[in-house]
Each structure stands twice: as C-alpha cells, then as structure tokens.
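> for reference, the sequence and a predicted model appear below.
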Amino acid sequence: MRPHSLAWLALVPALAAAPRLRAQETYQQLQTFSYLLSQVRLNYVTPVGTDRLVRAAIEGMLRALDPHSRFVPRAENDRWLAWRAGELAETGIIVEDEEGSVSVAAVIRGSSAAHKGIFPGDRVLALDDTLVAGTPAHAVQLRLLGDAGRKIRIRIARGPLAQPETLTVTVKNEVLRPRSVAVTRQIQGIGYVRLAQFSAEAAKETRDAVNHALSGLRERRLILDLRGNPGGEVLAAVNVASEFLPKDEVVCRTVGRRADMDRTFVSDGDHPFTDVQLVVLIDRHTASAAEIVAGALQDHDRAAILGRRSFGKALVQRLFPVPPNGDAVWLTVGLVHSPSGRLIQRRYAGLTADQYYALAGGGGTEQDTVATYRTDSGRTVRGGGGIAPDSELPARAQPPLWWSAAVDSGVDLAVADSVAPTLGSDPGSRAAWSRDTTGWRLRLLRPLLERVRTRFRVTATADSAQELEIAKELAQRAAEVRWSADFAEEFALDNDQDVRTAVAWLERTHPARTAGRR
C-alpha cells in the first residue's frame with residue numbers, strides 16, 4: 001500500500017469523529033443556556049417569567065444573524081393576516097429601524113399621514129402617549145394598524161439626535177388601495193412614471209402607465225422614478241425590470257446556503273419598452289425590489305441612474321412556522337446579486353443594528369467598494385451595498401419641525417387658500433406661477449412665518465433651502481385651489497430639481513428629432 005494511502009486511512013477516524021465533536025459542543029452550549037436560565041429564574045432580584053427570558057434569547061439570537069431576521073409571535077402574525085385580508089386599515093406610514101430608533105421610511109401619497117406633515121426621516125417617539133423606545137419597527141408598524149376611522153396620536157422628532165424638535169400629530173386609519181404607480185405624466189415631451197411600491201400588480205400597472213406616459217410622443221423617452229420606494233418581492237422586481245429588457249437577460253441572482261436558493265432570474269419575454277431611452281431616479285429610501293430593478297437596468301446599460309445611493313437591502317427571506325403555538329420566524333435564506341455580480345445588500349457582519357442603519361444610503365466602509373464590476377458595455381460599477389447612481393444629485397432639504405405643526409393645524413392651508421383667489425385665471429398667469437419663486441416667498445412664506453410665530457410662539461426660522469421647499473409646498477397648494485389638482489401635480493414635477501436634471505439628461509443624450517428627420 002502506498003504511503004499517501006496510509007495517511008488517508010489515518011484521517012478517516014478523525015473525519016468520522018468531527019460530527020460527533022460538533023454535536024457534543026452544541027449539547028454543552030445548550031446545557032450552559034439551560035443552567036443560566038435556571039439561575040436567573042431562581043436567583044434574580046425580582047421574579048422573571050420563563051417566556052420573557054426565552055423570547056429575549058430568541059431575539060438576541062436573530063439579532064446576531066442580521067438586522068432583518070425576526071421572530072413573529074402568533075398574535076402579530078394574526079394581525080398581519082388581518083391587514084392583508086382587508087380587515088385592518090393603515091395610516092400611510094411605512095417605518096424602519098434606523099440609528100437606534102424607529103424612522104419613517106415612506107409616506108403613502110394621499111394618506112392621512114401625508115396630509116398631517118409627516119415626512120420620511122421623521123423619528124417616531126410615541127403612539128398614543130406610549131413610548132416606542134426599544135420596540136422594533138415591525139412591531140410599531142403593527143400598532144399603526146387598526147379599524148378604519150380610528151385616530152392615533154403620533155409623537156415625532158426631527159433634527160439632530162442630540163437636540164431634536166418634537167411634535168404630536170393625530171392621524172386616522174384608512175383603507176388604502178395598494179397601487180404601485182403613484183404618478184403618470186408627460187414633461188416637456190418626456191414620459192414620467194413614479195413607482196411608489198411593488199404590489200402584486202406592479203408590472204401590469206407599470207406597463208399601463210408607461211404606455212400612457214409615452215402616448216402621442218414623437219420620442220420614446222421616459223423617467224422612471226423609484227425615489228422613496230421601499231420595494232417588495234423579488235418576482236415583482238423581475239417582472240417590472242422585464243418590461244425594459246430583451247428576453248432572457250439576467251435581472252438578478254439569489255445565492256444562499258441551500259442549493260435551492262441559488263437561482264438566476266431572467267426577463268420573461270419580449271416587451272414593447274426595450275427601445276425606450278430611460279432615466280431612473282433613486283435615493284437613500286429606494287430599497288429591496290426597487291434596488292433590484294435599478295441595478296439590472298444599470299448593469300445592462302438600459303438606463304442612466306440619477307440621484308443618491310440607495311438604501312442597500314436585498315435579502316431573500318422565508319417564513320418558517322415555529323411550533324407549537326403558531327409563532328413564526330422570518331429568516332434570511334439568500335442574498336441578491338445584480339447581473340454584473342454586485343452584492344446589493346449592505347454589509348452587516350460585525351455591525352450593531354444601530355451602526356447598520358446609520359449607514360443607510362452609504363457605501364459602508366472603504367473596503368466595501370474596492371471590488372469593481374463591469375456593465376454590458378464595459379463601464380465600471382462598484383459594490384459596497386445599494387446602487388450607486390451614475391450621477392450623484394444633492395438631497396432635498398428636510399423641512400423644520402415647525403412646518404409640520406403648521407400643516408397639522410391647517411395654517412398652511414389658510415395661507416395658501418387666501419392667496420389662491422388673487423391669482424389670475426388665464427394660462428399665462430398659471431405658467432408664470434410655476435417658476436415665480438420670488439412671488440412664493442413674498443406672498444406665501446412671509447404670511448406663514450408671521451402666523452406660525454404668533455400662534456405657536458416659536459422663532460420659526462429656516463435656512464434658504466428649507467424656505468424654498470416650504471414656499472414651493474404652499475405654492476403647489478395655491479395652484480391646486482386656483483386651477484386644478486392636475487395642474488398642482490404638474491407644478492410639483494416642474495419644480496422637482498431631480499426631475500429637471502433627468503429631463504436635461506435625456507434632452508442632452510437623446511435630443512428630440514426635428515420634424516424633417518426620421
């Protein structure tokens with residue numbers, strides 16, 4: 001027998017013993033846990049129930065894995081099912097964990113929360129005077145659900161963590177239709193579609209909206225707005241991306257520990273928008289399925305991506321039942337890669353949950369962005385979590401908290417509605433109002449500041465960028481009252497700097513053809 005054969009035979013007992021050693025170590029660790037549980041129950045200064053201790057141990061175990069795996073008690077799961085069945089209404093607020101607090105990730109357009117001056121980035125402090133500190137975002141989201149018409153007081157904070165301003169507003173539970181497309185317009189001969197979320201009908205809604213947005217246009221140019229889109233399921237993302245890609249193009253890949261999680265998703269057929277010249281807008285609140293779409297279109301050079309780096313969340317999760325009480329656990333079973341191989345998910349290994357959420361919209365550490373990848377045309381793109389835009393745009397100024405107080409109390413409507421009747425009704429007056437920033441400040445912002453300072457006895461200061469945003473909001477309300485809701489929507493897009501940049505990008509890179517050319 002050859003020497004190396006004898007060496008191999010010598011290793012066999014050691015290899016066979018390895019599983020037994022691991023099993024023994026696991027058993028010893030469980031013994032340690034059981035011992036500690038018993039000592040706490042018997043000797044801790046105040047009585048502690050076993051259910052509380054085991055629940056804390058479960059949550060600690062899941063936190064050690066990643067920020068998104070979570071335990072779902074039966075009561076919470078039943079509440080989610082009731083909401084999905086249409087038995088519970090919502091406020092229009094979507095929350096997430098961020099920097100140790102529960103933060104507003106998105107506000108559904110037209111909802112009660114949107115009318116009460118709640119903005120993405122606001123931090124939720126209390127619900128009906130009950131503090132939410134230490135409560136995970138998914139539990140707060142459940143507490144925001146209720147019977148239609150129920151009112152709930154929400155205390156929010158805005159500004160620096162060390163010296164925030166706080167405000168309490170009252171919002172109402174409403175039955176909101178889960179529509180994916182929020183806005184469809186034409187802007188200066190360019191189609192515009194805002195995709196606000198990924199519902200089950202996202203692809204069909206997108207197809208109908210794009211057809212409408214491009215109807216009658218000589219050039220097939222489109223702005224797909226994914227800003228503030230919190231995402232959804234992988235299949236919804238694949239179906240939406242397929243609308244703009246040729247057949248059998250890779251949209252994304254999922255990679256997991258189990259072989260059945262290693263899947264490649266490709267575009268499912270020939271769609272009519274593969275020739276559309278495309279710009280996609282993203283920001284730090286663009287997440288999940290929305291990031292999959294943006295990454296696929298970027299990697300295949302189908303779109304220019306403008307805005308801010310996206311959130312950086314692209315996990316595949318699966319719900320596992322936990323016997324015997326009907327509890328469940330959402331467990332991360334896979335990670336999503338873009339067609340070029342980029343990992344969309346921001347890193348979480350070695351980070352606390354607070355550190356992880358503090359990096360939202362950022363690339364993480366410098367080492368995270370070292371790896372480079374290539375698009376179909378050979379352009380260099382980098383990983384590091386989230387989707388980095390091809391062109392970085394400045395972020396919109398967040399309004400001061402006193403503005404939300406003004407909105408909640410109706411002061412903003414009183415000012416805007418008093419100015420609206422003084423505006424001319426002719427098309428020229430309407431067009432002039434769209435860009436009259438000086439008029440907005442003089443006729444709307446100054447009266448608002450005077451009323452807020454008198455009514456709330458606050459200084460009500462704002463920097464120039466905040467003043468412009470507030471004046472724009474007031475001017476849009478005046479436009480709606482004087483002319484129409486349709487014009488108010490047109491007004492908002494016409495004064496959206498990101499949209500203006502996207503229009504300029506398309507006009508520069510894909511200029512409209514003259515009438516004599518084909």
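Nice, thanks for sending it over.

> all helices of the stretch 51-200 of the chain, in order?
74-84, 112-115, 137-143 (DSSP state H, counting those that start in this stretch).

> what packs against the shortest one?
For helix 112-115, the packing partners by 3 or more C-beta pairs under 8 Å, 6 or more residues apart in numbering; DSSP states H and E come out as strand 165-172. The C-beta positions use only the backbone N, C-alpha and C, and glycine is treated the same way.

> surely Gln345 meets Leu335?
Yes: contact criterion C-beta atoms under 8 Å: Gln345 and Leu335 qualify, at 5.4 Å.

> name the residues contacting each of those two.
Ala314, Leu315 (C-beta atoms under 8 Å, 6 or more residues apart in numbering).

> which one of these two is surrounded by more residues?
More crowded of Gln345 and Leu335, by other C-beta atoms under 10 Å: Gln345, with 23 against 17.

> got phi/psi on the nearest residue to the more buried one once chain neighbours are set aside?
Leaving out its chain neighbours, the residue that sits closest to Gln345 by C-beta to C-beta, 6 or more residues apart in numbering is Ala314, at 4.9 Å. Reported as degrees, to the nearest 10, the phi and psi values for Ala314 are phi -150, psi 80.

> so Ala314 sits right up against Ala294, yeah?
No: counting by C-beta under 8 Å, Ala294 is not a contact partner of Ala314; they are 10.6 Å apart.

> quick one on the thing from earlier: just send the helices of the stretch 51-200 of the chain back as a markdown table, with mean neighbour count and distance to Pro321 too.
Listed next are the helices of the stretch 51-200 of the chain as a markdown table, based on neighbours: other C-beta atoms under 10 Å; distance: least, C-beta to C-beta, whole Å:
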| stretch | mean neighbour count | distance to Pro321 |
| --- | --- | --- |
| helix 74-84 | 14 | 9 |
| helix 112-115 | 20 | 33 |
| helix 137-143 | 19 | 18 |
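
> distance to Leu62 added to those, as JSON lines?
Below are those laid out as JSON lines (distance: least, C-beta to C-beta, whole Å):
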{"stretch": "helix 74-84", "distance to Leu62": "14"}
{"stretch": "helix 112-115", "distance to Leu62": "29"}
{"stretch": "helix 137-143", "distance to Leu62": "12"}
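
> shouldn't Arg253 be within a strand?
Yes: with DSSP: H, G, I helix; E, B strand; the rest coil as the criterion, Arg253 is assigned to a strand.

> how much space between it and Arg150?
43 Å (C-beta to C-beta, to the nearest Å).

> ok, back up a step: closest one to His510 among the helices of the stretch 51-200 of the chain?
Ranking the helices of the stretch 51-200 of the chain by proximity to His510 (C-beta to C-beta) places helix 112-115 first, at 33.8 Å.

> so what touches that closest one?
By C-beta under 8 Å, 6+ apart, helix 112-115 touches Thr91, Gly92, Ile93, Val107, Ile108, Val171, Lys172, Asn173, Glu174, Val407.

> what's the most distant pair in these?
Asn173 and Val407 (19.2 Å).

> for Val381, what are its contacts?
Gln298, Asp299, Ser340, Arg342, Thr372, Tyr373, Arg374, Thr375, Ala388.

> so it: helix, strand or coil?
Going by three-state DSSP: Val381 is strand.

> same list, the helices of the stretch 51-200 of the chain, but as CSV with mean pLDDT please.
Converted to CSV, those look like this (pLDDT from 0 to 100):
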stretch, mean pLDDT
helix 74-84, 84
helix 112-115, 85
helix 137-143, 90
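
> between the ones you listed, which one is nearest to Ala203?
Closest among the helices of the stretch 51-200 of the chain, using C-beta to C-beta: helix 74-84, at 19.9 Å.

> and that closest one, what does it pack against?
helix 137-143, strand 327-337.

> which other residues reach that helix?
Against helix 74-84 from outside (C-beta under 8 Å, 6+ apart): Val72, Leu88, Glu90, His138, Ala139, Leu142, Leu145, Asn325, Gly326, Asp327, Ala328.

> would JSON lines of the residues you listed with distance to Ile305 be doable?
As requested, these are arranged in JSON lines below (distance: C-beta to C-beta, whole Å):
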{"residue": "Val72", "distance to Ile305": "34"}
{"residue": "Leu88", "distance to Ile305": "36"}
{"residue": "Glu90", "distance to Ile305": "30"}
{"residue": "His138", "distance to Ile305": "29"}
{"residue": "Ala139", "distance to Ile305": "34"}
{"residue": "Leu142", "distance to Ile305": "34"}
{"residue": "Leu145", "distance to Ile305": "34"}
{"residue": "Asn325", "distance to Ile305": "46"}
{"residue": "Gly326", "distance to Ile305": "43"}
{"residue": "Asp327", "distance to Ile305": "40"}
{"residue": "Ala328", "distance to Ile305": "36"}
